[in-house]
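> What would the 3D arrangement of this be:
(2 chains)
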Amino acid sequence: MNGGVMSRYEAGRIEPKWQEAWAEAGLFRAERDPSRPKFYVLEMFPYPSGRIHMGHVRNYTMGDLFARYKAAKGFNVLHPMGWDAFGMPAENAAIEKGVPPAEWTYHNIDAMRAQMKPLGLSIDWSRELATCDPEYYGQQQALFLDMLEAGLVTRKAAVVNWDPVDMTVLANEQVIDGKGWRSGAPVERRELTQWFFRISDMAEELLEALDHLAHWPEKVRIMQRNWIGRSRGLQFAFATRGAPAGHETLEVYTTRPDTLWGASFAAVSPEHPLARALEGDPEVAAFLAECRRMGTSEEDLETAEKKGYDTGIRVVHPFDPAWELPVYIANFILMDYGTGAIFGCPAHDQRDLDFARKYRLPVIDVFAPPGSEARVAAEAYVPPKTETVEFLRPVAGERLMTGEAAVDAAIAFCEARGIGRGVTRFRLRDWGLSRQRFWGCPIPVVHCPACGIVPEKRGNLPVRLPDDATFDKPGNPLERHPTWATTTCPACGGPARRETDTMDTFVDSSWYYARFTAPRAATPTVMEDAAYWMNVDQYIGGIEHAILHLLYSRFFARAMRITGHLPEKAIEPFDALFTQGMVTHETYATRAPDGRPVWREPSEVVRDAEGARLADGTPVEIGPSTKMSKSKKNVVDPDDIIARYGADTARWFVLSDSPPDRDVEWTAAGAEAAHRHLARVWRLAHETSEAAEAAEAAGGDQTLLRATHRAIRDVTADIEGFAFNKAIARLYELTGAIGKAPAGAPARRTALRTLAQLTAPMTPHLAEEVWAMAGGAGLVAAARWPEADPALLVEASVTLPVQVNGKRRAEIAVPAGSDAATIEALVLQDPAVVRALNGAAPRRLVVVPDRIVNVVV
RNA sequence: GCGGGUGUGGCGGAACUGGUAGACGCGCCGGACUCAAAAUCCGGUUCUGGCGACAGAGUGUCGGUUCGAUCCCGACCACCCGUACCA
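Below you'll find the model as predicted:
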């Protein structure tokens, strides 16, 4: 260094300096100010696993870009950060390493905050919260009690995975091939009484409101719509023959009553009361036991081999008293959907057909493609309900009908004859929130032998987790804690026991966005703050949360409106949603002597044109680029990247290489290139700041000015449209234009200041440096966003491609706005066109002014 | 299994949602500067054939609609996300 004056781009010096300047100016502190329009930017908060990864860098860089852009546009921006801090990994750490979950979690939070701060994010850290703070979960308990009082909570039975050796409930993730992940014992399905949020009562509203979420991705709305799954169908009772007392009828629900003539069997879920009533039979008991060994997930149920047990019971077909159908217990019938019992129509349902083939049941065609002689054989005929088909055995209506019309006709026909009634049902089930785990928000109720279930007194909140739980045995530490559950009944004062279940961690993340508007309040929210800051104007996170987290949040916002914690306008808490892609990396492996892959970290691998090797020359196999994960070691530590290149390079790279909603592959070459570009920008600003004032070139000045204003227009549009990769392409062009322009130093400095403004949301530290070198006043982070001058954007002439038979053969330059006749005349003189026509007249001439010409010969 | 998505040069991607396929970046090739190297700068780069003007092919596969299709329609293939106790 010569006398401390930098002569090259040194991110390590620049970045801390500007972060300090921003902090000193208090730029990111959000204060309620009704005189200014607000903008609330939120990224899905992280789970404090211990280290941030590139996926976090990408997520928070995108949010930061938007927050800084909106601030420059004059908005009062709220951009907070917190920690989704409850969950299983902390308990696993306690079991494996003996560290208390709270200690592990807060240590991780400290580490991740320390990694995040050097990124220079425009976050209001004064609002930071963690869901495991008693200050947070105590308010969550208050919300729960309000919801209980408002009738939004209920108790009922639910099926869980039970590990019979560890005597504990397992998450789906903890079940590997049907066995407990620690005990290795075959897992059983078991019913427990659990707490539920009554989200299914709101199914209709949650469905309808999706239509108004104009700034949500269509795919997310479709996924939610399908998940809620409204269906119109017929519910009716079969009369049974040979069933136990109390089961004289069997209630079924079907969305295809128009296929009733194709019925060949009835089936009930293994959890259905009728199945239970038969359990005295050893064969039934054995079959049910087999069913209980299946997983609880829908995927397990649907992909498992379809099996049934013929109960010997018969039901009478509702249209024909002489026609009896066998009743099976079948492993693929869900107790949670409909009535837990169905009738099977093999011809028009693939599952039913597989089942019918297996148990040699008849296959009766009800409809077929119009005019077709084809009948169902290997595959069921299941056309969309909107398609017209020919009914061979209609329940009611015409021969040619759509499925929809046939269903309506069949329902009307059945209702008129007293066979059941048309009902609307939803696939959406109530939200079971009970977890038999320690590291979660305690459910604030008490079980009293005299009074039953009693809500805890508000004054006793928060019901805190104990800090002396033990993790040496499997099961819920709260349940076996010597004193924690022992309490007195809030109603009668007698001895009682606390609820030892804690809440699903999805509860924690269903209202944190509201808490950020008043994170230290003694109530869950403060109405003035919520009214000002809500809704979240831009929410950003992964597509993996498209259904559960977002649906639960939509439910919670409604519940908080009902219980007086949010204003009416906040029932849809996220005005705009953006789902970003993952950060992936190639995987590297060497081979162990037994041939198994040994995963290698990117930092161990030397990459060249030939392939990849370890430092000692061992050849390395290059695998496909996948989501960065610890198990495959294909992770790049943000700390290393920041230490080597600086935060701006990391930010620039994760924004530049792929569209934000797609996966981006991290490559060392890409990071290198990003850094080279930033160094070039710095150099350009440095050289220009030292250039002589006298250098003038009037024509070059104007060209550069026009290029600058095109960049303002394009970058602004690209940011608004979440096309950050395109915005960056335009910024590369502007940088190139400044570098090459035969323009004077003042004009170049003007262009550089605009470049600084346009890059400030992406590379905020470098932007400050460039801004300062180019003579900008104050901080660029506090400067207003530039506006493009329309007069500098108009183009005098356009180049029209000329196609012959749809293939480009020539181009002509014409004044912008030329009419079709003018263009036509020019085109017919073009040598390429003359050659193609070969003296003949064109068969057709398509002229789209300012766009294209197509000559058809 | 079911629901949703993605697929374009050697690579990441762009194309105003029917109008010049390949912007911008990486990589590669050539050149300048240098004793040399690094850094930097300039030029080229979809593939095939041709010295060349040019011709042909080309957006996962197969088929269709259109003056014109990466874009619309039908059938399929591969991969990714979710599937209610991973977060």
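
> can you pull the contacts of the closest residue to residue A:146 other than its chain neighbours?
Spatial nearest neighbour of residue A:146, chain neighbours left out: residue A:563 (3.9 Å); criterion: CB to CB, 6 or more residues apart in numbering. In short, each C-beta sits where N, CA and C put it, glycine included. Residues near residue A:563 by CB atoms under 8 Å, 6 or more residues apart in numbering: A:143, A:146-147, A:149-150, A:152.

> Distance of residue A:563 relative to residue A:649?
47 Å (CB to CB, to the nearest Å).

> Whether the helix or strand where residue A:55 lies contacts RNA strand B - can you check?
In this structure, residue A:55 is located in helix A:54-72 according to DSSP states H and E. No. Judged by CB under 7 Å from any atom of the strand, helix A:54-72 makes no contact with RNA strand B; its nearest approach is 11.2 Å.

> coming back round to it: among the contacts of residue A:563, which one sits closest to RNA strand B?
Lowest distance from RNA strand B to the contacts of residue A:563 (CB to the nearest atom of the strand) belongs to residue A:152, with 15.8 Å.

> List the contacts of residue A:39.
A:67, A:70-71, A:75-78, A:537-538.

> please redo it, this time with the cut-off set to 10 Å
A:30, A:66-67, A:69-71, A:73-79, A:533, A:536-538 (CB atoms under 10 Å, 6 or more residues apart in numbering).

> What subset of these is buried?
Buried by 16 or more other CB atoms under 10 Å: A:30, A:66-67, A:69-71, A:75-79, A:533, A:536-538, out of the contacts of residue A:39.

> how about low-confidence regions in chain A?
Low-confidence segments of chain A (pLDDT under 70): A:1-6, A:594-597, A:607-612, A:622-625, A:629-631, A:691-698.

> 80 instead, please
For chain A, the stretches flagged by pLDDT under 80 are A:1-7, A:372-374, A:377-378, A:582-636, A:663-668, A:690-699, A:838-839, A:857.

> ok, back up a step: return the alpha-carbon coordinates of the helix holding residue A:55 using PDB.
Coordinates of each C-alpha in helix A:54-72 appear next as PDB, following Å, rounded to 0.1, in the frame of the first residue of the first chain:
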ATOM      1  CA  MET A  54     -25.600 -20.200   0.600                       C
ATOM      2  CA  GLY A  55     -29.300 -20.700   0.500                       C
ATOM      3  CA  HIS A  56     -29.600 -18.300   3.300                       C
ATOM      4  CA  VAL A  57     -27.300 -15.800   1.600                       C
ATOM      5  CA  ARG A  58     -29.500 -16.000  -1.500                       C
ATOM      6  CA  ASN A  59     -32.800 -15.600   0.300                       C
ATOM      7  CA  TYR A  60     -31.600 -12.700   2.400                       C
ATOM      8  CA  THR A  61     -29.800 -11.000  -0.400                       C
ATOM      9  CA  MET A  62     -33.000 -11.000  -2.500                       C
ATOM     10  CA  GLY A  63     -35.000  -9.600   0.400                       C
ATOM     11  CA  ASP A  64     -32.300  -7.000   1.100                       C
ATOM     12  CA  LEU A  65     -32.200  -6.000  -2.600                       C
ATOM     13  CA  PHE A  66     -35.900  -5.300  -2.500                       C
ATOM     14  CA  ALA A  67     -35.800  -3.600   0.900                       C
ATOM     15  CA  ARG A  68     -33.000  -1.200  -0.300                       C
ATOM     16  CA  TYR A  69     -34.800  -0.600  -3.600                       C
ATOM     17  CA  LYS A  70     -38.100   0.300  -1.900                       C
ATOM     18  CA  ALA A  71     -36.300   2.600   0.600                       C
ATOM     19  CA  ALA A  72     -34.700   4.400  -2.300                       C
END
